[in-house]
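**Q** Quick one, what's the 3D model for this:
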Amino acid sequence: MNKTKSFDIPKQLIWRAYKQVSKNKGAAGVDEVSITKFEENLKDNLYKLWNRMSSGSYFPEPVKAVAIPKDTGGGQRILGVPSVFDRIGKTAASMYLEPLVEPKFHEDSYGYRPNKSALDAVDTARKRCWGTIGR
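**A** Prediction:
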């Protein structure tokens with residue numbers, strides 16, 4: 001590890017996180033920087049993000065609030081749109097931490113886990129109530 005950096009964050013991790021975020025496209029955050037605009041200075045932007053994250057000086061920006069119609073109709077809900085920098089940073093953190101913490105979760109833990117949802121939790125509870133799976 002480079003002793004001038006507080007955290008050992010591989011540059012390749014930031015690159016992989018960028019590739020994942022760029023596939024999803026998404027809207028610009030409060031900084032109004034779209035993925036296309038971010039890519040205009042890609043090398044410098046990724047370096048800046050890596051440098052700030054690995055030195056411990058990275059702080060996410062506020063999230064842009066966007067009102068969108070509710071799926072069920074009748075009103076709107078607020079959607080938070082983070083900046084491209086933040087989406088890449090959060091994705092990199094998730095890619096780094098998830099393999100370390102995922103094995104420590106209980107198998108019946110469903111919140112914020114890959115390939116598990118609230119509907120999966122309800123389905124498991126329903127099956128247990130009706131005695132169709134072991135306890």
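**Q** Now do the end-to-end distance for stretch 27-42.
**A** 17 Å (Cα to Cα, to the nearest Å).
**Q** Low-confidence stretches in this protein?
**A** 1-3, 132-135 (pLDDT under 70).
**Q** how about the strands in this protein?
**A** For the chain, the strands defined by DSSP state E occupy 64-69, 76-81.
**Q** TSV for these, including mean neighbour count?
**A** Every residue, glycine included, has its C-beta placed from N, CA and C. Converted to TSV, the strands of the chain look like this (neighbours: other Cβ atoms under 10 Å):
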stretch	mean neighbour count
strand 64-69	11
strand 76-81	11
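**Q** As JSON lines, those strands with distance to residue 114 would be great.
**A** Shown next, in JSON lines, are those (distance: least, Cβ to Cβ, whole Å):
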{"stretch": "strand 64-69", "distance to residue 114": "25"}
{"stretch": "strand 76-81", "distance to residue 114": "21"}
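**Q** quick one: buried residues of stretch 114-126?
**A** By 16 or more other Cβ atoms under 10 Å, the buried positions in stretch 114-126 come out as residue 116.
**Q** Residues in contact with that stretch: which ones?
**A** 98, 102, 108, 109, 110, 111, 133 (Cβ atoms under 8 Å, 6 or more residues apart in numbering).
**Q** Just among those, which is most surrounded?
**A** residue 110 (18 neighbours; other Cβ atoms under 10 Å).
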